[in-house]
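Visitor: dropping a prediction and its sequence here:
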Amino acid sequence: MAVMITDECISCDACAPECPVAAILGDDSDKNPYVGEYFYIKPETCVECVGHADAPRCAEACPTEGAIVWDMPYSVDFEEYYAAGNAEGKYMIRDHKKKGLMLPSVKSQAFLEEISMDVRESRANVSDSF
Ligand code: SF4
Ligand code: SF4
């Protein structure tokens, strides 16, 4: 991912229209593993706004403390992490007809290198980093 939405989310829809790569799904999407509960960010699509903005736009728009937090980079170093999370139902990674599951080894994504692994592992609030 990148960044992830937690159960603190109040489904206000302030974030989704701000995403430059349409990575955010509403709580009514059947591609959202938390359908009926709260919004979801597709880790295979999120680029942490690299090349689009200085900071994640979704977090800037979100009014709810703790609703958008850091997750791990969508890079091959975290292939197993995302594969396991997908198998557990934590993520719902796209299953491409020809390419198969779009894990980082199929297509990795940009991420903010200045964000430390400690900050990511602790699931810190994204807006606190800027
Ligand atoms: S960090 Fe940027 S690319 Fe990722 S979900 Fe938020 S707005 Fe979209
Ligand atoms: S802006 Fe925050 S509270 Fe609103 S839908 Fe997005 S993550 Fe949830």
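Guide: Received it, and whenever you're ready, just let me know what you need. Ligands and ions are numbered 1, 2, ... in the order given.
Visitor: so where do the strands sit in the protein?
Guide: 3-5, 24-25, 40-41, 68-70, 95-96, 100-101 (DSSP state E).
Visitor: need the residues that contact the third one.
Guide: Residues from elsewhere that reach strand 40-41, judged by Cβ atoms under 8 Å, 6 or more residues apart in numbering: 1-5, 23-25, 27, 29, 31-34, 58, 68, 92. Using the backbone N, CA and C atoms, a C-beta is placed for each residue, glycine as well.
Visitor: that strand: partners in the sheet, and parallel or antiparallel?
Guide: Applying DSSP bridges, strand 40-41 is found paired with strand 24-25 (antiparallel).
Visitor: can the strand it pairs with be said to contact ligand 1?
Guide: Yes: using Cβ under 6 Å from any ligand atom, strand 24-25 comes into contact with ligand 1 via I24.
Visitor: got it, and stretch 39-59?
Guide: Yes: using Cβ under 6 Å from any ligand atom, stretch 39-59 comes into contact with ligand 1 via 41, 46-49, 56-58.
Visitor: out of the contacts of strand 40-41, which are close to ligand 2?
Guide: 5, 68.
Visitor: quick one, which of the contacts of strand 40-41 are buried?
Guide: Among those, the ones that count as buried by 16 or more other Cβ atoms under 10 Å are 1-5, 23-25, 27, 32-34, 58, 68, 92.
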